[in-house]
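Colleague: sequence and predicted structure, then a few things I'm wondering about:
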Number of protein chains: 2
Amino acid sequence: MAKDTNGKQALDELSALLKDRLSTAEAVRRQHAEDPTWNPVLPPDAVAFAESEEDVAAIVRVCARHGMPVIPFGAGTSLEGHISAPRGGVCIDTSRMNRIIAVNPEDLDCVVQPGVTRRQLNSYLRDTGLFFPIDPGADATIGGMAATRASGTNAVHYGTMADNVLSLRAVLPSGEVIRTASRARKSSAGYDLTHLFVGSEGTLGVTTELTLKLHGIPESIVAGVCCFKDVKGACDTVIETIQSALPIARIELLDAATIATVNAYSALRLDEKPTLFIEFHGSPAYTREQISAFSTIAQANGGDASNWAEREEERHRLWRARHDAFWAAKAAFPGMEAMTTDVCVPISRLAECVTRTQQDLAEHGLAGPIVGHVGDGNFHVILFAHPDDERKKAEIAAFSERLVERALSMDGTCTGEHGIGMGKMKYMNMEHGPALAAMRAIKAAIDPHGIMNPGKLIPQAD
Amino acid sequence: MAKDTNGKQALDELSALLKDRLSTAEAVRRQHAEDPTWNPVLPPDAVAFAESEEDVAAIVRVCARHGMPVIPFGAGTSLEGHISAPRGGVCIDTSRMNRIIAVNPEDLDCVVQPGVTRRQLNSYLRDTGLFFPIDPGADATIGGMAATRASGTNAVHYGTMADNVLSLRAVLPSGEVIRTASRARKSSAGYDLTHLFVGSEGTLGVTTELTLKLHGIPESIVAGVCCFKDVKGACDTVIETIQSALPIARIELLDAATIATVNAYSALRLDEKPTLFIEFHGSPAYTREQISAFSTIAQANGGDASNWAEREEERHRLWRARHDAFWAAKAAFPGMEAMTTDVCVPISRLAECVTRTQQDLAEHGLAGPIVGHVGDGNFHVILFAHPDDERKKAEIAAFSERLVERALSMDGTCTGEHGIGMGKMKYMNMEHGPALAAMRAIKAAIDPHGIMNPGKLIPQAD
């Protein structure tokens, strides 16, 4: 779809509607198109600061009338160019829609606006004994996390956004508002629109409210660090832990290169070896039992599982270091731009996939710290290039392509949690084959004029 | 859509294709349209016994060419007229597609054909230490369970079919075959077609293969029975158990009327009071801990939680009695036809919903045993009428409508696990409002000629 010619009129109408809540300032537009990696910065024509569902619906109706693209925006922490505006259009910034509307402790759920961030939500919940477990590295908004089907370190036990959004409200491209489901824990009443919208990256509508599952904060939480001689020992430990039905809450792999950057950035003193960060949740007796079972598995695979932390500040220090791994890697490569990619494979193929990826990096002289939510078979590689080193960037692009091909050849996926955005559209056909046509048909059915976040997720048909 | 006029030609082509695997015998056709309740029996024009995905694709292509309806069939245990053929057409019986294609213990998953039944799968898995937890009362096929988004007694801990199908293959109405996802545990690559097909009741395509999550059989399993003075005490126990983050594996309510029928049918001697059937999974020490925590909660709500069974045969006897509750109720009303319905509400509203439903039954002189997967807020009412007592059937229909309205007024759903079929289509608009139009658009996008299980799930637009 070519960029519309009625852009000016649409912006005039929006300006009349929103007054100073519509900005066309260069700095504001750029800021809404920049993400933490080196995706091209393609700013929208304007940024609209929505404060309510009615705002969003009104903005979308104006855009629909003029064929103007709409790009939903949360905190701008997505990684695959989800927020850029390759065809111009209006960015709807939902960060002011940050009210926690209801917490229902009896039902273990809550209702939030899309601009609420995960840390804001968990601070708010602190006194209820409940928490929301999904934790991508950044302090993303709940709306953005739903859009990209985010997960994080807790997914192995608590699932991803797909498992923790009970229902959502969305403004469709027509401007109409739908609610995808009731607040019941389960339903067999019709197509699962909730799961369809989660992970749809703003290409089907703009999310305006989400009902989330909450979880009880466990009585006992124990975190630990366990280092291994090699990646295989660490991965085999993960596989055996999962297989033994041990309900491990977190199990994260940091390779030796990552440990080096994390030590420097977070003032830790860990051995520079492949390392698992682990956490167990339960009653005090049960976490002790789990630690003992895990330690036996780890030791049999050459791991040293003697380093456990129960105190909150120690645990937080550890997980903060894990969440800062991306920034630690960036700090280790000053003056460089970062590109982070992720794939996910069946866990039985994880050791092979990580090991072959490390060999690939070594063969091509690339530095690429690896961190992973390995309980899910999901791992990230962070790569670096000088801003104007186009040759290096091309090498990294070729590496990323080989990584995706490797994951797909193992019956995995080209992204476990970052999403497709613009960056991975080229793999959609490779991964989905004829199913891509079904996705394309759904997109056309819900968004016939292609105004919702165009140029993302669904590649145009050949 | 009117029934096509090319039916004869379609059947001739199918007969040439399938030889004696196409039946037009009256008895076979009727048998494929009869379900365990009193839905009208509307037989298809023919029954095709598919033995492979290629068979299914070939049958669908013939039907598509002639505008002939296609009705997928598993074990025929669905409850809302899902398998009847209001517009004629060809029933594709998938029961011969019952191969277990692969079990991947390292990945805790397996790949099965749609005609595999849940008991067949669990027998097959017995020696692996793994099991598939979804257990609707009947020995349904996995394909049928996916189609209706089935759940059962384990859903409170292990989730429903929505949570346990990793990926599936389906023949679309065009005859094309898609695979909805890889075998990775999670993915952010595109629209979630897996969840779209799960619960779509055969209206988008015919499922030909499913990849399922498996779970480790816990080291210790302890089941128990706990009776209460009133339904409120039982429901409050459920709420507090869920809230306390106790990972209860099963928690089922049987009301006093149900206990009476179950005692008679399954030779038990339980007190005829509202009763919870409970089960805990874990290590031996952890199940003991859970029992102790649960007993404290139950006692505070007037429950007697002193009756626990650890031995396999005792536990199986208990759960078999629970699974036979529908047949027990049928046996208690000899010569009557049964109608079973289900709703699901946020758990905080459960006690009120069950109590008001019991009052409604009493006020209208209806016998209706109540059983429920109360950990999910889901319960069933089983109602009875003489086959030709149209007045009673009308009273029951009016009761069912009030039940649905009650559930929806509590932000619940008109069905937690039975599905919509033909029986509950009239509630789709009431429950979904504008979201129904989005479902209709998706249906039209995937099945533009409306051949897949027409007259089910999605009511025609006004």
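Modeller: Structure's in. What do you need?
Colleague: output the lowest mean pLDDT helix or strand found in chain A.
Modeller: Among the helices and strands of chain A, strand A:304-309 carries the lowest confidence by mean pLDDT, DSSP states H and E, at a mean of 88.
Colleague: Provide the strand pairings for that one, with the direction of each partner.
Modeller: The pairing partners recorded for strand A:304-309 under DSSP bridges are strand A:220-227 (antiparallel).
Colleague: mind giving me the packing neighbours of the helix or strand A:Glu431 falls within?
Modeller: A:Glu431 belongs to helix A:428-432 when assigned by DSSP states H and E. Packed against helix A:428-432 by the contact rule (3 or more C-beta pairs under 8 Å, 6 or more residues apart in numbering or on different chains; DSSP states H and E) you find helix A:390-409, helix A:435-446. C-beta coordinates here come from the backbone N, C-alpha and C atoms, glycine included.
Colleague: and the least confident helix or strand of chain A, what's buried?
Modeller: Neighbour-count burial for strand A:304-309 flags A:304-305, A:308-309 (criterion: 16 or more other C-beta atoms under 10 Å in any protein chain shown).
Colleague: ok, residues contacting that strand?
Modeller: Contact partners of strand A:304-309, identified using C-beta atoms under 8 Å, 6 or more residues apart in numbering or on different chains, comprise A:222-228, A:278, A:291, A:294-295, A:298-299, A:315, A:318.
Colleague: domains of chain A?
Modeller: Listed by automatic domain parsing, the domain ranges of chain A are A:7-95, A:100-216, A:220-326, A:333-420.
Colleague: gap between stretch A:368-376 and the chain center?
Modeller: 14 Å (C-alpha atoms, centre = their mean, to the nearest Å).
Colleague: ends of it, what's the gap?
Modeller: End-to-end distance for stretch A:368-376: 20 Å, by C-alpha to C-alpha, to the nearest Å.
Colleague: that stretch and chain B, are they touching?
Modeller: Yes. Applying C-beta under 8 Å from any C-beta of the partner chain, one finds stretch A:368-376 in contact with chain B at A:Asp376.
Colleague: what mean pLDDT does that stretch have?
Modeller: When pLDDT is averaged along stretch A:368-376, the result is 94.
Colleague: can you give me the buried ones in that stretch?
Modeller: A:368-376.
Colleague: from these, which ones fall inside strands?
Modeller: Cross-referencing the buried residues of stretch A:368-376 against strands under DSSP state E gives A:370-373.
Colleague: tell me which two of those sit farthest apart.
Modeller: A:Ile370 and A:His373 (11.7 Å; C-beta to C-beta).
Colleague: which residues do the two both contact?
Modeller: When C-beta under 8 Å, 6+ apart defines a contact, the residues bordering A:Ile370 and A:His373 alike are A:Phe379.
Colleague: hang on, the earlier thing: neighbour-wise, which of the contacts of strand A:304-309 leads?
Modeller: Within these, most neighbours by other C-beta atoms under 10 Å in any protein chain shown means A:Ile278, with 28 neighbours.
Colleague: list phi and psi for that one.
Modeller: Dihedral pair for A:Ile278: phi -130, psi 150, per degrees, to the nearest 10.
Colleague: how close does the closest residue to it other than its chain neighbours sit to A:Ala46?
Modeller: Excluding the flanking residues, the one nearest A:Ile278 by C-beta to C-beta, 6 or more residues apart in numbering or on different chains is A:Gly224, at 4.7 Å. Counting by C-beta to C-beta, to the nearest Å, the separation of A:Gly224 from A:Ala46 is 49 Å.
Colleague: looking at the domains of chain A, which is buried most?
Modeller: Mean neighbour count (mean count of other C-beta atoms under 10 Å in any protein chain shown) peaks for domain A:100-216 among these, with a mean of 23.
Colleague: hmm, back to that, what's the most distant pair in the contacts of strand A:304-309?
Modeller: The span of the contacts of strand A:304-309, defined through C-beta to C-beta, is set by A:Gln299 and A:Arg315 at 22.5 Å.
Colleague: which residue does the stretch 1-150 of chain A have closest to chain B?
Modeller: When scored by C-beta to the nearest C-beta, the stretch 1-150 of chain A has A:Glu106 as its residue closest to chain B, at 3.8 Å.
Colleague: contact partners for the residue nearest to that residue when sequence neighbours are not counted?
Modeller: In this structure, A:Glu106 finds its nearest non-sequential neighbour in B:Ser348, 3.8 Å apart by C-beta to C-beta, 6+ apart. Applying C-beta under 8 Å, 6+ apart, we find B:Ser348 in contact with A:104, A:106-107, B:239.
Colleague: out of those, show me where the pLDDT dips lowest.
Modeller: Lowest pLDDT of these: B:Ile239, 88.
Colleague: please verify my assumption that it contacts B:Leu350.
Modeller: Yes. If you go by C-beta atoms under 8 Å, B:Ile239 and B:Leu350 touch, sitting 7.2 Å apart.
Colleague: just grab the bridge partners of A:His380 for me.
Modeller: A:Asp342, A:Val371.
Colleague: how about the stretch 251-400 of chain A: which residue is closest to chain B?
Modeller: Taking C-beta to the nearest C-beta, the stretch 251-400 of chain A has A:Ser348 as its residue nearest chain B, at 3.8 Å.
Colleague: in a helix, that residue, correct?
Modeller: Yes. Per DSSP: H, G, I helix; E, B strand; the rest coil, A:Ser348 lies within a helix segment.
Colleague: distance check, it against A:Gly205.
Modeller: 37 Å.
Colleague: is A:Glu240 in a helix, a strand, or coil?
Modeller: helix.
Colleague: next one: it from A:Lys273, what distance?
Modeller: A:Glu240 sits 19 Å away from A:Lys273, going by C-beta to C-beta.
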